[in-house]
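S.K.: A structural model of the following input is requested.
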Amino acid sequence: MTLQIPLLASAIAAAHRLDQRLVGPLTSALGRTTEATWGPGDLLLRAGEANQGLLLLASGTVRVLLPDGPPHEAPQLSGPCLLGQLSVVDDSPRSATLEALTDCVGLHLGATEARALLAETTAAGDAFRELLHRSIFLQLADVTLRLRTAMRNRPGQRIDLA
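M.R.: Numbering: from 1, shown residues only. Below you'll find the model as predicted:
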């Protein structure tokens, strides 16, 4: 399957609530990626691995497995979405393992290419930084909402955040 980069750039911009004027530059940035596919049970990323870039999941669903978390409580993510974006920003090891639950198709942007794109003073670099910013912001907002819900559902109980 060959992904249509302009259509994917438009979908990812919409999913991350980006200004549609960024679609052209984002298309240029995504043109530096390589296409990848995964089948059910395949691991896209592994907890503890060094930063090898980020993935843009175009279609399919993955399960997020935390090193100490029970698999039955693992959150699921579906495309279009970014995966591994924090490692690109701070070069940290992966914090979770991502397992394909369905057939998945996506794009891979290597760590070296991602760092170069982050440093670029071009429209593509600006669009890429905005996408990373928005993706991380939305991820943090989701975690905050889930934490608030857990706190409301367990009044007076300590919630282990480790």
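S.K.: residues touching the nearest residue to Ser28 once chain neighbours are set aside, list them.
M.R.: Using C-beta to C-beta, 6 or more residues apart in numbering and skipping the chain neighbours, the partner closest in space to Ser28 is Ala124 (4.2 Å). For every residue, glycine as well, the C-beta is placed using N, CA and C. Neighbouring residues of Ala124 by C-beta atoms under 8 Å, 6 or more residues apart in numbering: 25-26, 28-29, 117.
S.K.: quick check, nearest of those to Glu35?
M.R.: Of all those, Ala29 has the smallest distance to Glu35: 15.0 Å, by C-beta to C-beta.
S.K.: Glu130 is in contact with the closest one, correct?
M.R.: No: using C-beta atoms under 8 Å, Ala29 makes no contact with Glu130, being 10.2 Å away.
S.K.: longest helix of the chain?
M.R.: helix 123-153 (DSSP state H).
S.K.: what about Ala29 and Glu130, which has more around it?
M.R.: When Ala29 and Glu130 are compared on other C-beta atoms under 10 Å, the one with more neighbours turns out to be Ala29, at 25 against 17.
S.K.: which of the helices or strands spans the more buried one?
M.R.: Element membership for Ala29 (DSSP states H and E) is helix 23-30.
S.K.: tilt between that helix and helix 123-153?
M.R.: Helix 23-30 runs at 90 degrees relative to helix 123-153, counting by axes from the mean of the first three to the mean of the last three C-alpha atoms, to 10 degrees.
S.K.: in helix 23-30, what counts as buried?
M.R.: Within helix 23-30, the residues that count as buried by 16 or more other C-beta atoms under 10 Å are 23, 25-30.
S.K.: repeat for stretch 135-151
M.R.: Quick answer for stretch 135-151 (16+ other C-beta under 10 Å): Ser135.
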